[in-house]
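Asker: Need a 3D model of the sequence below.
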Amino acid sequence: MKIGSCQVKGFTLLEVMVALAIFAVLSVTLIRSAYYVVNQQSQLEERVVATWLAQYELSQIRLVQPGNPRLPQLGKKEKEVHVSSRDWRVEIAVTSTENQFIRKVSVSVTPIVESMRDAAPVANLSGFVGEH
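Answerer: Residues are numbered from 1 along each chain as shown. As a prediction, this is how the structure comes out:
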């Protein structure tokens, strides 16, 4: 732009406003993406810990201890454990199968959260235990 005999260099107000608008839209998109990644990370961590707990419980049932019956007793058990700075509810259901020497064991793990009393299990794991 030329004012009188000197030339003024710089941006017009309109150019600055357009640049700010573009920056604002990009910033909002970046913040949403970052929030999504952090949220997914916490959900993934929750699933991994719940799956570890379910695998551990199933492994404990499969271990044959001297003096204990080889097959687990039929029925349901529920217990609460504290792992990874959180409280978890572990439900174990032992059911019979067509073969009297094999039992089906289902383990479900749910985080204990005060606001969600009937939360859905984060991990479900089923396996079979038999006499060998």
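Asker: in stretch 49-68, what counts as buried?
Answerer: If you call a residue buried by 16 or more other C-beta atoms under 10 Å, then stretch 49-68 has these buried ones: 49-51, 53-54, 56-58, 61. In short, each C-beta sits where N, CA and C put it, glycine included.
Asker: actually stretch 81-99, not the one I wrote
Answerer: 88, 90-92, 94.
Asker: Farthest pair within those residues?
Answerer: The largest separation in the buried residues of stretch 81-99, counting by C-beta to C-beta, is between W88 and V94 at 19.3 Å.
Asker: which pair in the buried residues of stretch 49-68 spans the largest distance?
Answerer: V49 and I61 (19.2 Å).
Asker: I'd like the average pLDDT over stretch 53-69.
Answerer: Averaging the model's pLDDT scores along stretch 53-69 yields 82.
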